[in-house]
Each structure stands twice: as structure tokens, then as C-alpha cells.
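Here is a sequence together with a model predicted from it:
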Amino acid sequence: MTKSRALLLAENEIIETERCILRTLTLADSQDMFEYCSNPNVAKYTTFEPHQTLRESEEAIANFFIPDQLTKWAIELKKNNKMIGTIDMMAMTADSTEFGWAISEDYWGQGIVAEVARPLVKLAFEELGLIKIEAKHHVDNPNSGRVMAKIGMSYWGKNYISPEKYQTKSLEVAYYGMTKDDYDKLSMK
């Protein structure tokens, strides 16, 4: 009998990398989230506006992260047990998912997002049996595109997205993706 997708995700609720632990978010993470989500430099490249109050961070955790906790992880630094960002597999379908992340500006350019995304790519293709993963970034944030390329994704084009349930602003975005075939070719190297 094969394992359900929910069981496979539950078995991966904690994922360890060299510098980080991916784990479930809780309300105890509200202050750490507020620290980076209130930064306009972080928010300008995301689908959310800068958090103005700690309550906004609490609401984000309670309404966005906790209900879908099997596909959303806190990025916690091992060296200080501080939650410095989030990474998730949004809009999961029978055969694909979309990755998304936000990280404190203090940790930009250190390779942390690529480090924590790699085990999720492996999880998506090797354990969950997905055939495609995607990600998008604000066109004015090419650093996220470089992260996507580092984890094996290819540029697929640009699009314009308008506000949705968890998104408060319209964005011009660049799309990246990877298929299972792409992943298998990379894994053979």
C-alpha cells in the first residue's frame, strides 16, 4: 500500500539542512515574522504589504500558515534558533506545486533559500510524485530568479498577476519551472 501525500508531507514536517531547520510555524514565531515582514524592502518583492503591527504577523500565521501547515515551513537558523523566513509549496495539485518564500533582508545573498529549497525539490519529485514545480518572482527582484536557477529551475516567461485571496497587490512576475524530466537529468550529473 502506498503512502498518501498527506502522510508523506507529515513525515517531512521537520527538514534539516546544514544551517537551517524547516519546521511548522506557530504563533510563537510572530515576533520574528514581524521583524522581517515589517521591512518595506522585503515586502516590496512579495504579495503582501509591510506588516504594520505584530497582530498582522499573528493573523498571517493563523490564517495562512497554520491551516496549510503540511506544505508551509518556517526557516529557522540552527545557530540561534531564530525564524528568519518561510518557504512553502502553494497551490499543490495532483501533479504540480508552486514554491514561494520570504526571508529577512539580513540573510539575503547567503544561499539560505537555495539550501532549504533543494530538499523540497527532492521531496516534490522523489516522494510526492509530482511532475512539475514552479515559482515566480517580482521582475524587479532578479536575485530570486538566481535562486530558482540554482535549484535547477528554468526561466519560463513573464506574466502579470492581480490580487487574490492572500495577495494584496498586483505584480509583474517572471516564471520559472522544472519538470520531473528536468530533475532526473540534473540528478544524473
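Yep, that arrived. Computed from a predicted structure; not experimentally measured.

from the middle of its chain, how far away would the helix or strand bottoming out on mean pLDDT in the chain be?
Lowest by mean pLDDT, DSSP states H and E among the helices and strands of the chain is strand 154-161, with a mean of 87. Offset of strand 154-161 from its chain centre (Cα atoms, centre = their mean, to the nearest Å): 17 Å.

following that strand, which helix or strand comes up?
Remark: after strand 154-161, the chain's next helix or strand is strand 171-179, criterion DSSP states H and E.

In three-state terms, label the residue sitting nearest the centre point of the chain for me.
Centroid-nearest residue in the chain: residue 87, 2.6 Å away (criterion: Cα atoms, centre = their mean). Under DSSP: H, G, I helix; E, B strand; the rest coil, residue 87 falls in the strand class.

just to revisit the earlier point, tell me which strands and helices the least confident helix or strand of the chain is in contact with?
Applying 3 or more Cβ pairs under 8 Å, 6 or more residues apart in numbering; DSSP states H and E, one finds that strand 154-161 contacts strand 132-138, strand 171-179. From N, CA and C alone the C-beta is placed, and that goes for glycine too.

closest one to residue 55 among those strands?
Among the helices and strands packed on strand 154-161, strand 171-179 comes nearest to residue 55, with 24.8 Å by Cβ to Cβ.
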